[in-house]
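Undergrad: Got a sequence here, can you build the structure:
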Amino acid sequence: MPRPGQSPPLDGTNMTGTLTHEQVQRTHDRRRRPVGPHYKWVALTNTTMGSLMATIDASIVLIAFPAIFKGIGINPLAPGEASYFLWLLLGYMVVTATLLVTFGRISDMFGRVRLYNLDIPDCRDSRVVHWLDCRRHPGCH
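TA: Numbers count the residues shown, from 1 in each chain. A predicted model of the protein is given here:
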């Protein structure tokens, strides 16, 4: 039992009052089940892919900065306007960090595997929509 002012543990023990007996039993059985022999490779692959995607995402943002500044009509390299570059870069980092913490908490509440599996079709669908949009507008890259 947590002390006053202390958060309850995130291991699911505080939610047994809202779950049926079968759900609680299934959760306990899943915790006792031994981890498969390939689990470490799956974890390493997912971690590596996540790091790769974060690096690619940061590279895309840095490469897109000239087009972004051209679109809003600002030259960040002109004297006195370098602060715009910093604001845009730091704003992107703050949004990314905020979403990372938020989705981390959501995955703690609903399950990391479930959230990860929901994200895969989302990424695929967004790429298909982008591809269809680029086919409709030939100048799209």
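
Undergrad: shaky segments in this protein?
TA: Within the chain, the ranges that satisfy pLDDT under 70 run 1-17, 30-31, 33-35, 138-141.

Undergrad: Which helix or strand contains the most centrally placed residue in it?
TA: Of all residues in the chain, the one closest to the mean position by CA atoms, centre = their mean is Leu100, 5.4 Å from it. Using DSSP states H and E, the element containing Leu100 is helix 82-110.

Undergrad: So which bits of that helix are buried?
TA: By neighbour count on 16 or more other CB atoms under 10 Å, the buried set for helix 82-110 is 84-85, 88, 107. From N, CA and C alone the C-beta is placed, and that goes for glycine too.

Undergrad: Sketch out the helices for this structure, chain order is fine.
TA: Along the chain, the segments classed as helices by DSSP state H run 21-32, 39-72, 82-110, 112-136.
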